[in-house]
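Peer 1: Got a predicted structure here, sequence first:
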Amino acid sequence: MIEINNVSKNFPGNNKAIDALNLTIPDGKIVGFLGPNGAGKSTTIKMMTGILPLDGGSIVLNGFDIEKNPLKAKKIFGYVPDQPDMFLRLKGIEYLNFIADIFDVSKEVRQERIEILTKQFDIYNALEDYIQTYSHGMRQKVIVTGVLIHDPDIWILDEPLTGLDPKSAYMLKEMMREHANKGNTVFFSSHGLEVVEQLCDEVAIINKGKLLFYGTLQEMREYYHSDKSLEQVFLELTNDE
Ligand SMILES: Nc1ncnc2c1ncn2[C@@H]1O[C@H](COP(=O)(O)OP(=O)(O)OP(=O)(O)O)[C@@H](O)[C@H]1O
């Protein structure tokens, strides 16, 4: 479970990039995080993962406060950033072993997981190449593999499907469903409303740092008394005019 309690974030020139945000993401569900460009999705995710400090409030992951207990909190989640351009001077296999070392994954377990996952993602034959030479999608897949190697309870994914080919996107979606069905937490941001409609149990919609809606699609329809699609409701909710 992820508890976001009254969280705020200010940037120079953008006071209240996140404005008193409250959101509880339960176990056993896939929750989609939606909002227009600049709404505050990545900022929220960066605060959840300890990359950005909070200016107010708290974020608690399975009982561990990300600011008060960062090491314990960081052990229990896996994070896929929106920009996969990291560790470019490492080979794929070096990156995966580095992540497995940090999270104390045994040699046997890591070998097995790396082989299975990278074969499924079609990057097995590229593991000896430098990440610098990978395409955007391949970089994305090596980072997703790094998350799956240590099998964290909570998955936090910032636009994870962007740039993945259809087979890899399908596999990742299946993995997300399986992980949530085991009682774990899966939280991901997306601009793909169709994917969210198809995959998510619940959606959170933000704009200008404020939560506009949180609930199931059915609840959304009941709340707005309409049979409108997620796309129509999203556009109406986030329309500034
Ligand atoms: N480092 C920063 N310095 C100043 N302002 C920032 C910084 N990072 C984010 N912002 C501002 O905070 C707001 C939220 O940005 P954020 O990147 O969280 O949006 P987003 O919902 O992830 O957008 P997108 O869908 O375009 O990725 C924007 O107004 C952005 O300009």
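Peer 2: Great, that's in hand. Numbering: from 1, shown residues only.
Peer 1: Domain-wise, how is the protein divided?
Peer 2: Annotated domains of the chain cover 1-76+154-163+183-241, 82-152 [automatic domain parsing].
Peer 1: Let me have these in a markdown table, extended by mean pLDDT.
Peer 2: Compiled in a markdown table, those are given as follows (pLDDT from 0 to 100):
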| stretch | mean pLDDT |
| --- | --- |
| domain 1-76+154-163+183-241 | 92 |
| domain 82-152 | 95 |
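Peer 1: Could you point out which of these sits nearest the ligand?
Peer 2: Closest to the ligand of those, according to CB to the nearest ligand atom: domain 1-76+154-163+183-241, at 3.3 Å. C-beta here means a position set from N, CA and C on the backbone, and glycine is covered the same way.
Peer 1: Without its sequence neighbours, what residue ends up closest to the residue nearest to the spatial centre of the chain?
Peer 2: The residue lying closest to the centre of the chain (CA atoms, centre = their mean) is residue 157, at 1.5 Å. Distances taken as CB to CB, 6 or more residues apart in numbering place residue 188 nearest to residue 157, at 3.9 Å, with adjacent residues excluded.
Peer 1: hmm, back to that, okay, the domains of the chain in JSON lines with distance to the ligand next?
Peer 2: Formatted as JSON lines, the domains of the chain follow (distance: least, CB to the nearest ligand atom, whole Å):
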{"stretch": "domain 1-76+154-163+183-241", "distance to the ligand": "3"}
{"stretch": "domain 82-152", "distance to the ligand": "6"}
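Peer 1: Reformat those domains into CSV and put distance to residue 177 next to each item.
Peer 2: As requested, these are exported to CSV (distance: least, CB to CB, whole Å):
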stretch, distance to residue 177
domain 1-76+154-163+183-241, 7
domain 82-152, 14
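Peer 1: quick one: contacts for residue 80?
Peer 2: 140, 143, 144, 147, 155, 156, 157, 158, 160 (CB atoms under 8 Å, 6 or more residues apart in numbering).
Peer 1: Check the chain for its longest helix and report it.
Peer 2: In the chain, taking DSSP state H as the definition, the longest helix is helix 166-181.
Peer 1: which other residues reach that one?
Peer 2: For helix 166-181, the surrounding residues in contact (CB under 8 Å, 6+ apart) are 28-30, 120-122, 137, 141, 144, 148, 155, 157, 160-161, 164, 186, 188, 195, 199, 201.
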